[in-house]
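Student: after the sequence you'll find the predicted model.
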Amino acid sequence: MGTMGLALPWKARISSTLRERGTRVEPSEHIAGGPSPAAVDATSEDAALAAACRSGDLRAYERLYAVHGARMKNLARNVLGNPVDAEDAVQETFLKVQRSIASFRGQSSFVTWTYRILINTCYDARRSRMRKKEVANDDSEETPRLEPRAPGAHPTLRMALERALEKLTRHQRDVFLLYEVEGFRHAEIAGMLEMTETASKNTLFQAKKNLRQMLEPPRSSAAETR
Amino acid sequence: MNVTCSDRDRIFEDGTPVEWAALETHSVSCPVCAEEVRAWKSLSVVAKELRDYSDSPSFWPRIERALAAEAARNSQRAGRKRWFSFLPSISPLWQTALAGALVLALTISGGWIYFHQHLDQGQNDKSLLQSSALKEVESAETAYERAIDKLDAETKPQLENPATPLLANYHEKLLVLDSAISDLRAQAGLNPSNTQLRYQLLAMYQEKQHTLEEVLEARQQ
């Protein structure tokens, strides 16, 4: 279970499908060799998508939405805490991509760049919401309002995790959401959050350690249940 | 490959598949590591609870409308910018030179307008005397004043010892006029270009002249 590593080279760009796994390991950096044909395909698809978006083709944006829209919205919802703000953030991200596609130089993958814009847009929205709260002299609680979502198997556990995530640092939360929830690889996350792959791995480790401490039941009650 | 409890955190952070397999093997005989591995994996399982990829059919049409509206605005802006489309083809050095020339032209024309406005304002303001006219007025005034002083000298004996009440009245009137002339001259000294003061001073001199002439006539009678 713990060794469900994917045999994809680290240079592979963001895949269009979600990867299902338990505890992931990324063995690819330990494997010598050039990029696989799948990685080359992903790269050329990414470049083609960027070029089509640059030409102003709305169908290219539709393709981007078809492939990444659900993940983008889910990520935004997990950062912002509710689906309405999440949809606004995703729409704003598409508009920002359209406005600044001319300045995209291809230093990272187009999709990585898009997710970076999404994450920044989400945090802008969070800040703006907090400012509004302060002005309204409302509840100054930093945690976003968590709204019910599609029924899950463990709603209590999920809510506990959402609350615990809010207590993490921004980077820890982002890395955890991108890696564990959205299934991105550390190489991709490094591009999105402008950090090194090693920093991404270390941040995830710290995030999970903190989450474990927060979610772990108190020793005494744990002993009682046994 | 053998791993120990001390390798656990390193493998959690950046373990290879082989190292993970070794840790799991080790966990079979180590309850502490078994619990840690279970807890570590359970976080990944719980994380999946945060996935909700339910589709909302109206969302893409909404984004599409926003994108189309933005594209329309961009094309309008591009139409307006076409006037300046030659600019990018000019090198930055020439663009700087062009901007500098424009600033210079604006400065010169601004300065010219400012200078001429002030010149016109000065010419249009008739209440102020220019330096050449002022000299002319002052020399005429001095000559006039000397002539009146001569007249004053002629009437002085009668006025100092007035023989009639009429001459006494003239004497008082002349004293008042002299006082007024003295005040006006003091004010004209402070503000020499003020023509109004000069006119008032002239009127006082003329009044003094008439009064002195009347005194001389009264003496002849």
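Tutor: Ah, there it is.
Student: residues near residue 59, how many?
Tutor: Going with chain A. The tally of other residues near residue A:59 (other Cβ atoms under 10 Å in any protein chain shown) stands at 10. In this view, the C-beta of every residue, glycine as well, is placed from N, C-alpha and C.
Student: actually, chain B is the one I wanted.
Tutor: For residue B:59, the count of nearby residues is 18 (other Cβ under 10 Å).
Student: next: residue A:201.
Tutor: By other Cβ under 10 Å, neighbour count at residue A:201 equals 20.
Student: likewise residue A:172?
Tutor: Applying other Cβ under 10 Å, we find 20 residues neighbouring residue A:172.
Student: tell me the contacts of the closest residue to it other than its chain neighbours?
Tutor: Distances taken as Cβ to Cβ, 6 or more residues apart in numbering or on different chains put residue A:207 closest to residue A:172, at 3.7 Å, once the chain neighbours are dropped. By Cβ atoms under 8 Å, 6 or more residues apart in numbering or on different chains, residue A:207 lies in contact with A:168, A:172, A:173, A:175, A:176.
Student: in helices, which of these appear?
Tutor: By the criterion of DSSP state H, membership of those in helices covers A:172, A:173, A:175, A:176.
Student: could I get these as CSV with distance to residue A:113 and pLDDT?
Tutor: Converted to CSV, the ones in helices among the contacts of residue A:207 look like this (distance: Cβ to Cβ, whole Å; pLDDT from 0 to 100):
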residue, distance to residue A:113, pLDDT
A:172, 23, 96
A:173, 21, 96
A:175, 18, 96
A:176, 21, 96
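Student: which of those sits closest to chain B?
Tutor: residue A:176 (7.1 Å; Cβ to the nearest Cβ).
Student: what's the domain layout of chain B?
Tutor: Annotated domains of chain B cover B:5-48, B:131-220 [automatic domain parsing].
Student: meant to ask about chain A
Tutor: As assigned by automatic domain parsing, chain A contains the domains A:37-149, A:152-219+A:222-226.
Student: could you export those as CSV, including distance to residue B:134?
Tutor: Formatted as CSV, the domains of chain A follow (distance: least, Cβ to Cβ, whole Å):
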stretch, distance to residue B:134
domain A:37-149, 67
domain A:152-219+A:222-226, 77
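Student: follow-up on the earlier one: weakest of the domains of chain B in terms of mean pLDDT?
Tutor: Looking at these, the lowest mean pLDDT belongs to domain B:131-220 (a mean of 84).
Student: state the pLDDT value of the residue nearest to residue A:83 when sequence neighbours are not counted.
Tutor: The shortest distance from residue A:83 to any non-neighbouring residue, by Cβ to Cβ, 6+ apart, is to residue A:77 (5.5 Å). With respect to pLDDT, residue A:77 scores 95.
Student: same question, residue B:115
Tutor: 82.
Student: next one: residue B:69
Tutor: So residue B:69 comes in at 92 (pLDDT).
Student: residue B:59: which of the domains of chain A is closest?
Tutor: Residue B:59 lies closest to domain A:37-149 among those, at 6.0 Å (Cβ to Cβ).
Student: related to what we said a few turns ago, can you get me a residue count around the residue nearest to residue A:83?
Tutor: Residue A:77: 24 neighbours (other Cβ under 10 Å).
Student: next, it: phi, psi?
Tutor: The phi/psi pair for residue A:77 (degrees, to the nearest 10) reads phi -70, psi -40.
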